[in-house]
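> model this:
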Amino acid sequence: MTIPESDYPARWWHALEDQRIQCDLCPRDCKLHEGQRGACFVRKMSGGKMVLTTYGRSSGFCIDPIEKKPLNNFYPGTSVFSFGTAGCNLACKFCQNWDISKSREMDTLMDAASPKAIAAAAADHGCKSVAFTYNDPVIFAEYAMDTADACHEKGIQTVAVTAGYMSEVARREFYAKMDAANIDLKAFTEEFYFKLCVGHLKDILDTLAYVHHETDCWLEITTLLIPGHNDSVQEVTELSQWVMKELGPDVPLHFSAFHPDYKLLDAPATPAATLSRARRIAQDAGLHYVYTGNVHDVEGDTTFCPSCKKAVIKRDWYEILGYELTDDGRCKGCGAAIAGRFAHYGKPFGAHRIPVRMERQAAT
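Below you'll find the model as predicted:
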């Protein structure tokens with residue numbers, strides 16, 4: 001069964017004098033004629049106004065460990081109710097979820113659920129949080145924000161997994177609704193962003209600084225290291241130093257392994273040694289919480305106390321093997337506070353993921 005496309009009134013746009021409208025959601029500033037879609041594919045001009053065509057429609061729902069987002073310092077061991085839609089406002093040639101983010105087929109969106117239904121499902125499954133993920137929630141911001149409101153009514157946290165490519169006005173409203181975010185810092189050169197993502201580095205750095213300094217949203221960063229493109233010692237050093245200088249030592253940084261996909265099939269998979277080297281560089285720059293991802297690396301998965309160097313959360317992939325923190329997030333060894341969001345630690349959710357099929361419901 002195909003779910004009909006919805007035309008939900010969108011925010012962040014204005015009319016132009018030539019009968020077009022301009023989208024103000026992200027730095028692309030797409031200018032559209034009647035019936036035309038933006039670069040993200042899911043926002044279009046209809047009846048002289050901007051509409052979001054994917055409101056209430058998802059490419060699927062799944063319960064994941066929070067560490068899979070990845071968020072290692074945000075209620076470790078808890079489960080997160082995850083979903084996405086379709087489309088993206090960047091054009092990354094190395095996209096690891098291209099079948100969803102680059103989709104131009106609305107039939108991809110085979111699950112429908114209102115914001116309240118999502119919050120209810122997350123509560124019924126005992127999830128600590130709901131994550132907007134798989135494709136970038138920036139482009140379905142209205143749906144994500146309404147869902148965040150419904151989640152907060154039930155005491156459920158909200159998580160944005162995003163590339164951070166968003167305008168100043170929109171980001172202010174969006175992140176006011178988010179409790180945590182993992183933002184991709186895909187590289188540290190303008191050339192990489194322009195050639196491989198069709199975007200700009202400065203806009204991402206502005207988002208990172210804004211979220212960390214101007215909101216209460218917990219922030220973690222992920223960089224996918226691609227051999228020959230963004231994995232040099234110089235670039236990793238400059239990236240790490242920027243995080244240290246502009247955001248401070250307590251923002252977790254994840255270095256993740258690339259595998260050939262989508263339009264970047266000529267680059268090799270990232271060696272584990274490259275991730276370990278990057279982790280050491282970031283630690284030498286002063287960062288306290290540096291992780292590796294997409295490889296088997298217990299040390300790189302583990303959270304260490306910056307004060308006494310004790311392993312306070314020992315992990316193997318997404319499985320927690322040892323937990324040595326108090327309920328308020330202090331090291332049981334020395335009493336030092338660990339940066340993040342913590343609560344009483346009970347039985348961890350584990351490394352498994354559970355697909356969830358939502359009953360078809362109205363989008364509003």
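> Show me how the record splits this protein into domains.
8-52, 57-296, 302-339 (automatic domain parsing).
> Give me the mean pLDDT for the second one.
The predicted model gives domain 57-296 an average pLDDT of 93.
> So which residues of the stretch 151-300 of the chain form strands?
157-162, 180-184, 218-225, 253-257, 290-293 (DSSP state E, counting those that start in this stretch).
> hang on, the earlier thing: out of the domains of the chain, which gets nearest to Ile354?
Among the domains of the chain, domain 57-296 comes nearest to Ile354, with 4.3 Å by C-beta to C-beta. Yep, even glycine has a C-beta here, placed from its N, CA and C like the rest.
> Using a markdown table, lay out the strands of the stretch 151-300 of the chain together with mean neighbour count and distance to Ala272.
Below are the strands of the stretch 151-300 of the chain laid out as a markdown table (neighbours: other C-beta atoms under 10 Å; distance: least, C-beta to C-beta, whole Å):
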| stretch | mean neighbour count | distance to Ala272 |
| --- | --- | --- |
| strand 157-162 | 26 | 23 |
| strand 180-184 | 25 | 21 |
| strand 218-225 | 23 | 11 |
| strand 253-257 | 23 | 7 |
| strand 290-293 | 23 | 8 |
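> the helices in the stretch 201-350 of the chain, which residues?
For the stretch 201-350 of the chain, helices defined by DSSP state H, counting those that start in this stretch occupy the ranges 201-214, 233-246, 272-284, 298-301.
> Could you export these to CSV, including columns for distance to Ala180 and mean neighbour count?
Shown next, in CSV, are the helices of the stretch 201-350 of the chain (distance: least, C-beta to C-beta, whole Å; neighbours: other C-beta atoms under 10 Å):
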stretch, distance to Ala180, mean neighbour count
helix 201-214, 10, 18
helix 233-246, 17, 17
helix 272-284, 20, 18
helix 298-301, 18, 17
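> Tabulate the ones you listed (CSV), appending distance to Lys186.
Shown next, in CSV, are the helices of the stretch 201-350 of the chain (distance: least, C-beta to C-beta, whole Å):
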stretch, distance to Lys186
helix 201-214, 7
helix 233-246, 10
helix 272-284, 14
helix 298-301, 20
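> Relative to Glu153, how far out is the residue nearest the centre of the chain?
For the chain, the residue nearest the mean C-alpha position is Val161 (1.2 Å; C-alpha atoms, centre = their mean). According to C-beta to C-beta, to the nearest Å, Val161 stands 22 Å off from Glu153.
> likewise Leu321?
Leu321 is 35 Å from Glu153, where distance means C-beta to C-beta.
> Val159 against Cys127, yeah?
No. Using C-beta atoms under 8 Å, Val159 makes no contact with Cys127, being 10.5 Å away.
> Can you work out which residues contact both of these two?
Common neighbours of Val159 and Cys127 (criterion: C-beta atoms under 8 Å, 6 or more residues apart in numbering): Val80.
> roughly how far apart are Ala285 and Lys310?
Computed as C-beta to C-beta, the Ala285 to Lys310 distance reads 22 Å.
> now do Glu299
Separation of Glu299 from Lys310 (C-beta to C-beta): 13 Å.
> Val138 now?
38 Å.
> These two - which one has more neighbours?
Val138 (25 against 14; other C-beta atoms under 10 Å).
> what residues are up against the spatially closest residue to that one that is not a sequence neighbour?
Sequence neighbours aside, Met166 is the residue nearest to Val138 in space, at 5.0 Å (criterion: C-beta to C-beta, 6 or more residues apart in numbering). By C-beta under 8 Å, 6+ apart, the contact list for Met166 reads 25-27, 138, 141, 174, 203, 207.
> Phi, psi for Met166 please.
Backbone torsions of Met166, given as degrees, to the nearest 10, read phi -150, psi 150.
> What distance do you get for the nearest residue in space to Gly126 that is not next to it in sequence to Gly38?
Using C-beta to C-beta, 6+ apart and skipping residues adjacent in sequence, the residue nearest Gly126 is Ser79, 6.7 Å away. As judged by C-beta to C-beta, Ser79 and Gly38 stand 34 Å apart.
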